[in-house]
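Participant: can't give you the sequence, but here's the structure:
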């Protein structure tokens, strides 16, 4: 699932993840995301803007993890300060991963793979068509 108020971010991220073989759901707000996933669908990865109003990205992730405890999270944000409350060691976050906007399609694909495979397993998906 991708959650961002910016339609362009939703479109780009959706294209990238669909090309990688994922089923993608899009929402423009945390409330829309919560309504979409009222405990009835499988959810493996959340790509969410840190700054959403009134429910922010970290709070959205916490709420979705109630029904999807193994949920991988990739936070995105346009300001480096968006990452400061999340970052544990400069690369990964204790609550997920962080990718600075704007990002390239390959960067999103790499970070989504890292979030889904935190043990460092290689993704078996090709970026050659991007």
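Facilitator: The structure has been received and is ready for your questions. Predicted model only: the values in this text are computed from it and were never measured.
Participant: any idea which element residue 48 lies in?
Facilitator: Using DSSP states H and E, residue 48 falls within strand 45-49.
Participant: Which elements pack onto that strand?
Facilitator: The contact analysis (3 or more Cβ pairs under 8 Å, 6 or more residues apart in numbering; DSSP states H and E) places strand 45-49 against strand 2-3, helix 7-19, helix 30-36, helix 57-67, strand 72-77, helix 105-116. (Each C-beta comes from the backbone N, C-alpha and C, glycine too.)
Participant: one more time with 6 Å
Facilitator: Applying 3 or more Cβ pairs under 6 Å, 6 or more residues apart in numbering; DSSP states H and E, we find strand 45-49 packed against helix 57-67, strand 72-77.
Participant: hmm, who's touching it?
Facilitator: 1-4, 13, 57, 60-61, 71-74, 76, 116 (Cβ atoms under 6 Å, 6 or more residues apart in numbering).
Participant: Tell me the one of those nearest residue 25?
Facilitator: Distance ranking of those against residue 25, using Cβ to Cβ, places residue 1 first at 4.5 Å.
Participant: how far away is that closest one from residue 79?
Facilitator: 22 Å (Cβ to Cβ, to the nearest Å).
Participant: neighbour-wise, which of those two wins?
Facilitator: residue 1 (23 against 11; other Cβ atoms under 10 Å).
Participant: Would you tell me what the next helix or strand after the helix-or-strand element of the chain with minimal mean pLDDT is?
Facilitator: When the helices and strands of the chain are compared on mean pLDDT, DSSP states H and E, strand 92-93 comes out lowest with a mean of 48. Downstream of strand 92-93, the next assigned helix or strand under DSSP H and E is strand 96-100.
Participant: That next one pairs with which strands?
Facilitator: Sheet pairing of strand 96-100 (DSSP bridges) gives strand 72-77 (parallel), strand 92-93 (antiparallel).
Participant: how about residue 43, secondary structure?
Facilitator: Recorded secondary structure, residue 43: coil (DSSP: H, G, I helix; E, B strand; the rest coil).
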